[in-house]
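Undergrad: I would like to see how this sequence folds:
(2 chains)
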Amino acid sequence: MMGRTIIPIGPYHPLQEEPEFFTLTVEGETVVDIDVRIGYNHRGIEKLSELKTFENSTFVIERICGICSTSHPFAYTRAVEDVFPMEVPIRAKYIRTIIAEGERIHSHLLWLGLAGHFIGYNTVYMWAWKLREEILDVLEILSGNRNNYAMFKPGGVRRDIKAGDIPVCLKKIDSILPTLDMLKKAVLDDPVLHARLKGVGVMTYQEAIDFSALGPTSRASGVARDVRKDSPYGAYQEMEWDMIVTQNGDVFDKAVVRILEMFESAKIMKYCLNNLPDGEIDANIMDVPPGEGIGHIEAPRGETFHYVKSDGTNRPVRHKVRAPTFMNLPTYKATVQGETISDATIILAAIDPCYCCTERIAVKDPRGRLLYNGKDLVQLSREKTEKMKRRMGVR
Amino acid sequence: MTREEVLLDFTSRFHEDILDLYDKSRSRVYVTITPESILRIGTYLFRNVGARFNIASGTDMPPNIEILYHFIVEDINLLISLRVLLDREDPVIDSLGRDIEAMNWIEREMSELLGITFTGHPDPRRLLLADNWPEGVYPLRQDYEEWDETADRTRGI
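TA: Residues are numbered from 1 along each chain as shown, chains lettered A, B, ... in the order given. Purely as a prediction, here's the structure:
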């Protein structure tokens, strides 16, 4: 039997939001077992939220995640509104939808850029992040912030969209679409990327069901599941848009789902900006009655779920927060086993959790000599791409 | 199946285990069930009805600890929350994580934050709390008291 080596990955990683600690057990180059440890970033926000008023909690909740800082307030405000239950004004629904979709585009672009970076396609990285800036500009025009928009409050939104800003935003969105299209073709038609990412880290339909996987991670495995379609909220039922579902469940399909979703998001944003109804933006709710409410929305990474229990005071008795990665992370068990170490980095990245601490990866042999560190593993991943390019005669 | 058919099938199948059913709105139903029946009902919803498991949320409500298992039947947009009340002194319930992979992590989380024992859980390690967190101290219990003299957790209060 071949000797087994344990590769620790983490817990600190510099690229995305969550520190995690992976233990990969490898035989030769093949990963045979994986274990994940989380909790390094556990800030006790559920407990903290119980000490704040319903309105103030929104700002704490917004700071759960820096990338998708709309999804948590969106789900939370819907949970508080579900306690009544009540409807928010139609204009507030549209504004919420615009911000949420802008966030989806910038989040997917961020992922695409980093994914490109990891397999040695730095051009993709540069292009994606350049486009992301344009979307962040749109969000800054609308909300005043590039991130942590502070637009949400229970019962409506805190800030209106000025009529004069709409043409500027529409022009900016239109201006990135041709470049996004070019980027799409560059990624989807590239023979090297096909060879590098297809069939890698496959999650089957049944596995997606068993793990209750969410968002693009499940839609890439053929599970047609999207909260925006299944439990319509915001303004999503007002216009035509497509849910992107692919069948293969590999890393390539997860990228395809995210790329195509950006076009749908741009479509939704443009519709909402063009058809923004007049009216109030806030229902001015005063007291939250005793009861419980559930709010769930489709964040860029999947469904975000909030549960709020109220006892009639101005603070929640219980506030449960479930981010999509909580359900998507355990799918590593299904996708990484049997793959090679040089693919592990991109598979671990494919569900868009975070870039798994690569700077701190260290591979040691049984006598404790250092074989690879994080840099070397990224290098391994890039060299594999280069090798494939040479074999295929692509320069 | 329509919403009414799903609910009728569900209530007639498990009428002995259902203690209370609160039909809150079009898309929200809260069902209180006996703790002994969670394995049957949870597995039935997940495997037979084809519901997706959202998450479970535990709350400390002396003299009970309450667990809500949230399932969504996506085709009919119905969120079914199974409510289970456990004895606070000795909260024990069967583990669903043994059969359903999606529930593995949340049961680990509830067992360390609220002190609930899930019998038959395949991997009952800690999930979130640090290694130096003392045994038997559960941060989401109402009577939680600060144990770490060096910690400053007063921010935002």
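Undergrad: stretch A:233-251 - what's its average pLDDT?
TA: Per-residue pLDDT values over stretch A:233-251 give a mean of 92.
Undergrad: quick check, distance from that stretch to the centre of its chain.
TA: Between the centre of stretch A:233-251 and the centre of its chain there are 14 Å (C-alpha atoms, centre = their mean, to the nearest Å).
Undergrad: who in chain A is up against chain B?
TA: A:38-39, A:42, A:44, A:46-48, A:51-52, A:60, A:82, A:85, A:209-212, A:225, A:230-232, A:292, A:294, A:296, A:303, A:305, A:307, A:309, A:317-318, A:320, A:322, A:326-327, A:329-330, A:333 (C-beta under 8 Å from any C-beta of the partner chain). Backbone N, C-alpha and C define where each C-beta goes, glycine included.
Undergrad: buried ones among those?
TA: Of all the residues of chain A next to chain B considered here, the ones buried according to neighbour count by 16 or more other C-beta atoms under 10 Å in any protein chain shown are A:38-39, A:46, A:48, A:52, A:60, A:82, A:209-212, A:225, A:230-231, A:292, A:294, A:296, A:303, A:305, A:307, A:309, A:317-318, A:320, A:322, A:326-327, A:329-330, A:333.
Undergrad: which of those residues fall in helices?
TA: Using DSSP state H, the members of those that fall within helices are A:E46, A:L48, A:V60, A:D82, A:I209, A:D210, A:D230, A:F326, A:M327, A:K333.
Undergrad: go ahead and confirm the second one touches A:F59.
TA: In other words, A:L48. No: counting by C-beta atoms under 8 Å, A:L48 does not reach A:F59; the two are 11.1 Å apart.
Undergrad: ok, residue 91 - contacts?
TA: In the absence of a named chain, this looks at chain A. If a contact means C-beta atoms under 8 Å, 6 or more residues apart in numbering or on different chains, then A:R91 has A:D160, A:L276, A:P277, A:D278, A:G279, A:E280, A:I281 as its contacts.
Undergrad: hmm, I had chain B in mind actually
TA: In this structure, B:P91 makes contact with B:I65, B:L114, B:G115, B:I116, B:T117, judged by C-beta under 8 Å, 6+ apart.
Undergrad: that one and chain A, how far apart?
TA: Counting by C-beta to the nearest C-beta, to the nearest Å, the gap from B:P91 to chain A is 16 Å.
Undergrad: on that earlier part again, by neighbours, which of the contacts of A:R91 wins?
TA: Highest neighbour count within the contacts of A:R91: A:I281, with 22 neighbours (other C-beta atoms under 10 Å in any protein chain shown).
Undergrad: now do the same contact list for the nearest residue to that residue once chain neighbours are set aside.
TA: Across the structure, with C-beta to C-beta, 6 or more residues apart in numbering or on different chains as the measure, the residue nearest A:I281 apart from its sequence neighbours is A:A92 (4.7 Å). Neighbouring residues of A:A92 by C-beta under 8 Å, 6+ apart: A:G156, A:V157, A:E280, A:I281, A:D282, A:A283.
Undergrad: same deal with A:T335?
TA: For A:T335, counting by C-beta under 8 Å, 6+ apart, the contacting residues are A:G201, A:V202, A:M203, A:I347, A:A350.
Undergrad: at 7 Å what do you get?
TA: A:G201, A:V202, A:M203, A:I347 (C-beta atoms under 7 Å, 6 or more residues apart in numbering or on different chains).
Undergrad: in helices, which of those residues fall?
TA: Under the assignment DSSP H, those contribute A:I347 to helices.
Undergrad: okay if I get the contacts of A:T335 as a markdown table plus neighbour count and pLDDT?
TA: A markdown table is the format used below for the contacts of A:T335 (neighbours: other C-beta atoms under 10 Å in any protein chain shown; pLDDT from 0 to 100):
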| residue | neighbour count | pLDDT |
| --- | --- | --- |
| A:G201 | 26 | 87 |
| A:V202 | 19 | 91 |
| A:M203 | 29 | 92 |
| A:I347 | 25 | 81 |
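Undergrad: any chance you could map the strands in chain A?
TA: In chain order, chain A shows strands spanning A:4-9, A:21-27, A:30-37, A:152-153, A:156-157, A:291-299, A:302-310, A:316-322, A:362-364, A:370-373, with DSSP state E as the criterion.
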